[in-house]
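In: here is the input, now give the coordinates:
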Amino acid sequence: MNGGVACIFPGQGSQYPGMGRDLAENFAAARAVFEEADDALGFPLSRLCFEGSAEDLQLTENTQPAILTASVAAWCAFESEVPDHTAEYVAGHSLGEYSALVAAGALSLADAVRTVRARGRYMQEAVPVSVGAMAAILGADLQVVLDACQEAQQGEVCSPANINSAKQVVIAGHAAAVDRAITLVKERGAKKVVKLNVSAPFHCALMETAQRRLAADLSELKFGDLRCPLVTNVDAIAIRGGSEARDALIRQVSSPVRWLETLELLARAGVRTFVEFGPGKVLSALARKTIPDANCFNVEDAASLHAARAGLNL
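Out: The predicted model follows:
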């Protein structure tokens, strides 16, 4: 790849039935990733990705290993076709940080897929159904959202969960507090607010029990140093050490995903080309919003892989 390239990996919400199937049918390297994930989990995750229903894929403990595996399969297929490509940085949105660490050689696929399945279960179990909520707020300044969350708390939890762009912030917390914040941001000019169909309020203080459980699991895993820097969700800084990566994954669970700052750091570092590995193009769209001259590609099937390779002149 040419200089100034970041490889990025999507998080929960990007899943769709059939994801990864075309890659597995066309590339032995992708097929091997699904086989390794099936073996690591002891059940056919590949069948869930290729043939499962949208409802099955939406269960958090299924979603997380499914997206990770489809993303790593895309990465490995691309590497098998373009073995001499290089990335200056990697980054992943929430769950996608695990995919990025596998791609950067810091974490094995087997360890990652088992861990994120448990991570999904811990997050699901941290808060009883209907106690928490999440909402996407579009078209409001970040400070307006921060102020609304602060005012809406009233002894409950309400805070930014994903700061995706200057005008797109997802909030999370107790359902009543999130509803109060929605009322406030609408009064203050938000263009659109969408309550999210999620099973738990991710990336807020209500996830602290999940964070403690996950920390115990992560402490048992071997983390190597990274082949290229990762920009972390929790601090929006570039790291290369395995122990730093483990710490970032732990703190990430109850902290906001600072994706806007991640993109801004990459832009300052000279990155203008983004390649998104895995289902969908959500992160590519966010990159274009934040960096107007960004050149974005995605890899989720054979056609998009070949298009990315051609576009990157590889």
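
In: which stretches in the stretch 1-150 of the chain count as strands?
Out: 5-9, 89-92, 132-138 (DSSP state E, counting those that start in this stretch).

In: and these as CSV, adding distance to A54?
Out: Heads up, the C-betas are built off the backbone N, CA and C, glycines and all. As requested, the strands of the stretch 1-150 of the chain are arranged in CSV below (distance: least, C-beta to C-beta, whole Å):
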stretch, distance to A54
strand 5-9, 21
strand 89-92, 23
strand 132-138, 19
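
In: what's the closest of those strands to G242?
Out: strand 89-92 (13.9 Å; C-beta to C-beta).

In: ok, A24 touching A73?
Out: Yes - with contact defined as C-beta atoms under 8 Å, A24 reaches A73; the gap is 6.6 Å.

In: neighbour count for the two, which is higher?
Out: Relative neighbour count places A73 above the other of A24 and A73, with 32 against 21, counting by other C-beta atoms under 10 Å.

In: now for the more buried one: which residues touch it?
Out: By C-beta atoms under 8 Å, 6 or more residues apart in numbering, the residues touching A73 are 20, 23-24, 27, 29-31, 33-34.

In: try 7 Å this time
Out: The contact partners of A73, by C-beta atoms under 7 Å, 6 or more residues apart in numbering, come to 20, 23-24, 30, 33-34.

In: mind checking how far it is from G20?
Out: 5 Å (C-beta to C-beta, to the nearest Å).

In: which residues do the two both contact?
Out: Shared contacts of A73 and G20, defined by C-beta under 7 Å, 6+ apart, are found at 30, 34.

In: what are the boundaries of the helices in the protein?
Out: 21-26, 28-41, 45-51, 54-58, 60-81, 96-103, 109-126, 142-152, 175-187, 208-219, 242-252, 259-268, 282-290, 302-311 (DSSP state H).

In: how about the nearest residue to A37, chain neighbours excluded?
Out: T69 (4.3 Å; C-beta to C-beta, 6 or more residues apart in numbering).

In: from I171, how far out is that neighbour?
Out: From T69 to I171 the distance is 29 Å (C-beta to C-beta).

In: pLDDT wise, what is the closest residue in space to S108 that isn't next to it in sequence at?
Out: Nearest residue to S108 in three dimensions, chain neighbours excluded: V102, at 7.2 Å (C-beta to C-beta, 6+ apart). Note for V102: predicted pLDDT of 98.

In: thought V102 was touching D111?
Out: No - counting by C-beta atoms under 7 Å, V102 sits too far from D111 to count as a contact (8.8 Å).

In: with neighbour numbers in mind, choose between the two.
Out: V102 (25 against 19).

In: so which of the helices of the chain is nearest F274?
Out: Set against F274 and scored by C-beta to C-beta, the helices of the chain come closest in helix 282-290, at 4.7 Å.

In: now do that closest one against helix 259-268, angle only.
Out: 70 degrees (axes from the mean of the first three to the mean of the last three C-alpha atoms, to 10 degrees).

In: pLDDT score for Q58?
Out: For Q58, pLDDT reads 88.
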